[in-house]
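Colleague: this is a predicted model, with the sequence first.
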Amino acid sequence: MNAQCSMQTAFSFRDDREIRLDFDGGQITSDAGLVALREFDERIGFTDCIARCLRDRRHPSYVRHDIKQLIIQRLYGIVAGYEDQNDAHRLRHDGLFQLIAGKAELGQELGSQSSLSRLENAVSPSEVGALNDLLTDSFIRSQHKPPVIILELDSTDDPAHGQQQLIAFNGFFNQYMYHPLLVHEGRTGCILGTFLRPGNAHAAEDVLPALEPIVARLKAAFPHTIIELRADAGFAVPRLYDFCERHKIGFTIAVGANEVFKNQAETLLQQAVSLFRATGEKARLYAQFAHRAKTWRSHLRVLIKAEAGAEGTNLRFVVTNRPGDARRLFDFYEGRGQAENYIKELKNQLKADRLSCHRFEANAFRLALHALAYQLIVLFRACLSDPRLRCAQTDTLRCKLFKVGALIKQSTRRFWLHLASGWPHEDLLRSALRDVGQLPVPT
């Protein structure tokens, strides 16, 4: 051990033997399990499609890292929990990331933080649009004649990171922020589109331009599939009702209470109160009535849910164009709570709220890239047979599949990954590799 690398050798917790430390162990990684995800990615052509959406504007004589390598470096960094560009800069020396990015030799550095920043700031709005189309298309390729598709609309907050283009104060969230619009598919959790908007945008702003290409693609791919839409009260706007009617989409959308609605629900609420007093148990009653507001083109059904319990009373309303029992439709609407979990995974586990670029277009690309990392995870776990992985969120996949230490070696003909002998989740990685290995080999 040379003087430059010498470290403490006397530790109080062991007095029987000396402990020595150095940094001469070779190419050791903590993320060897990413090879399973990278193989899945290659078999479905995921990052190849991302790279084809982007134009390389660099002069060929200055290119050291092609677009695909930069995308893999950034995408897999997000998946592994290294969401910042500074993280990617430090990991450019990691042998596992060099291996999955396609570098010919271990030790060939990946892109620097400045290279990744130039990539983000070079992407155009049309290329971000192409990436959003890819989100929808990747969902379509993963499905085989689904009987129903559920469009989940929601918006979320992305807090500001200093002086950024189109950052604005949002009174509802009480902060300076961006206000992205997200579209998920309710059964699978796939994300179909991400649309970055200024911080003061209304929840339903630009909802039709966002939905139109998604719906067009879905209808072209699945002409006989039923498409339904659900959303919270922020999307209770007539133009969305009209869009759904025009495209034969059934919708259930929460709507805020007003005096007309309250008068219609008064008798039902009193019945719920009486039932609670008689039984001592929380009462839930449902009803419906036809209504046409001045801004609506036609009459629609308004569903009522009246609750009475020890904590008091509560009235909720949903507007719909769907037939059926009010309780069943209310239950369907309340299933949108799962969409909140999709957003939590996207934001909390894949850090999609880390939009810290100055330029608005660069942040739109960054949001799309985080969404693509999320989509890759969703598609990957859907192909896994082990229920411990198939139902696992990103954090669990990192812990039980991706985060495994390994020594990486290179010979003339092959790379070796010597994984930690005592790793407790060996069976999960073997199972995942078997599942991925059954997919068609790319041509």
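Modeller: Looks like it came in fine. Numbering: from 1, shown residues only.
Colleague: Q163 and T295, how far apart?
Modeller: Q163 sits 38 Å away from T295, going by Cβ to Cβ, to the nearest Å. C-beta here means a position set from N, CA and C on the backbone, and glycine is covered the same way.
Colleague: one more: A168?
Modeller: Applying Cβ to Cβ, the value for A168 to T295 is 26 Å.
Colleague: settle it for me: which of these two has more neighbours?
Modeller: A168 (14 against 9; other Cβ atoms under 10 Å).
Colleague: that one contacts Y176, doesn't it?
Modeller: Yes - counting by Cβ atoms under 8 Å, Y176 is a contact partner of A168 at 6.7 Å.
Colleague: any common contacting residues for those two?
Modeller: Residues touching both A168 and Y176 (Cβ atoms under 8 Å, 6 or more residues apart in numbering) are G199.
Colleague: please name the nearest non-neighbouring residue to S142.
Modeller: In space, and not counting its chain neighbours, S142 is closest to L379: 5.6 Å by Cβ to Cβ, 6 or more residues apart in numbering.
Colleague: next one: I343
Modeller: T156 (5.6 Å).
Colleague: count of neighbours near that neighbour?
Modeller: 19.
Colleague: equivalent analysis for D48, please.
Modeller: Neighbours of D48 under the rule other Cβ under 10 Å: 13.
Colleague: wait, is it part of a helix?
Modeller: Yes - counting by DSSP: H, G, I helix; E, B strand; the rest coil, D48 is part of a helix.
Colleague: spit out the contact partners of the spatially closest residue to it that is not a sequence neighbour.
Modeller: Ranked by Cβ to Cβ, 6+ apart and with sequence neighbours excluded, the top spatial neighbour of D48 is K68, at 7.0 Å. Residues near K68 by Cβ under 8 Å, 6+ apart: 47-48, 50-51, 101-102.
Colleague: kindly report the same for L419.
Modeller: When contacts are counted by Cβ under 8 Å, 6+ apart, L419 is found next to 32, 404-406, 426, 429.
Colleague: buried subset of those?
Modeller: Neighbour counting by 16 or more other Cβ atoms under 10 Å classes 32, 404, 406, 429 among the contacts of L419 as buried.
Colleague: ok, Y374 - contacts?
Modeller: Applying Cβ under 8 Å, 6+ apart, the residues contacting Y374 are 191, 345-346, 350, 352, 394.
Colleague: swap in G25?
Modeller: Counted by Cβ under 8 Å, 6+ apart, G25 has contacts L407.
Colleague: and what about it, helix, strand or coil?
Modeller: Following three-state DSSP, we place G25 in the coil state.
Colleague: and it, how far is that from I140?
Modeller: 45 Å.
Colleague: repeat that for V441.
Modeller: Computed as Cβ to Cβ, the V441 to I140 distance reads 22 Å.
Colleague: what's the answer for G234, then?
Modeller: 27 Å.
Colleague: likewise for F415?
Modeller: Counting by Cβ to Cβ, the gap from F415 to I140 is 34 Å.
Colleague: so where is this protein shaky, pLDDT-wise?
Modeller: Along the chain, the model assigns pLDDT under 70 to residues 1-10.
Colleague: make it 90
Modeller: Within the chain, the stretches with pLDDT under 90 are 1-26, 57-65, 84-90, 104, 107, 162-163, 337, 339, 412, 441-443.
Colleague: hmm, back to that, now, the most widely separated pair of the buried ones among the contacts of L419?
Modeller: Greatest spacing in those, by Cβ to Cβ: A406 and L429 (10.7 Å).
Colleague: at which residues are the helices of the stretch 151-300 of the chain located?
Modeller: Taking DSSP state H, counting those that start in this stretch as the test, the helices found in the stretch 151-300 of the chain are 207-221, 238-246, 259-279.
Colleague: would you mind giving these as a markdown table with mean neighbour count and distance to E361 added?
Modeller: Converted to a markdown table, these look like this (neighbours: other Cβ atoms under 10 Å; distance: least, Cβ to Cβ, whole Å):
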| stretch | mean neighbour count | distance to E361 |
| --- | --- | --- |
| helix 207-221 | 17 | 16 |
| helix 238-246 | 16 | 26 |
| helix 259-279 | 15 | 42 |
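Colleague: quick check: which of these is nearest to A373?
Modeller: Within those, the stretch nearest A373 is helix 207-221; the backing value is 19.6 Å (Cβ to Cβ).
Colleague: quick one: list the elements packing against that closest one.
Modeller: Judged by 3 or more Cβ pairs under 8 Å, 6 or more residues apart in numbering; DSSP states H and E, the packing partners of helix 207-221 are helix 125-141, strand 148-155, strand 181-185, strand 191-195, strand 226-231, helix 238-246.
Colleague: can you list the ones you listed in CSV and add distance to V255?
Modeller: Formatted as CSV, these follow (distance: least, Cβ to Cβ, whole Å):
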stretch, distance to V255
helix 125-141, 28
strand 148-155, 14
strand 181-185, 19
strand 191-195, 23
strand 226-231, 10
helix 238-246, 10
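Colleague: and those: which comes nearest A368?
Modeller: Shortest distance between A368 and those, using Cβ to Cβ, is found for helix 125-141: 4.3 Å.
Colleague: give me the contact list for the closest one.
Modeller: Here helix 125-141 makes contact (Cβ under 8 Å, 6+ apart) with 44, 46, 49-50, 53-55, 185, 188, 190-195, 213-214, 217-218, 221-222, 361, 364-365, 368-369, 371-372, 375, 379.
Colleague: show me where this protein has strands.
Modeller: Applying DSSP state E to the chain gives strands spanning 27-29, 148-155, 158-159, 168-170, 175-178, 181-185, 191-195, 226-231, 250-255, 283-291, 300-309, 312-320, 406-410, 415-419.
Colleague: for R390, find the nearest of those.
Modeller: Across the strands of the chain, closest to R390 is strand 181-185 (Cβ to Cβ), at 17.0 Å.
Colleague: which ones are touching A51?
Modeller: With Cβ under 8 Å, 6+ apart, A51 has these contacts: 66-68, 71.
Colleague: identify, from these, the entry nearest to E39.
Modeller: Closest to E39, out of all of the contacts of A51 and judged by Cβ to Cβ, is K68, at 15.5 Å.
Colleague: what's the farthest-apart pair in the contacts of A51?
Modeller: D66 and I71 (9.2 Å).
Colleague: neighbour count winner among these two?
Modeller: It is I71, of D66 and I71, that has more neighbours when counted by other Cβ under 10 Å, with 24 against 15.
Colleague: returning to that earlier point: the contacts of L419 into TSV, with extra columns for distance to Y241?
Modeller: Converted to TSV, these look like this (distance: Cβ to Cβ, whole Å):
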residue	distance to Y241
A32	51
V404	51
G405	55
A406	55
E426	54
L429	49
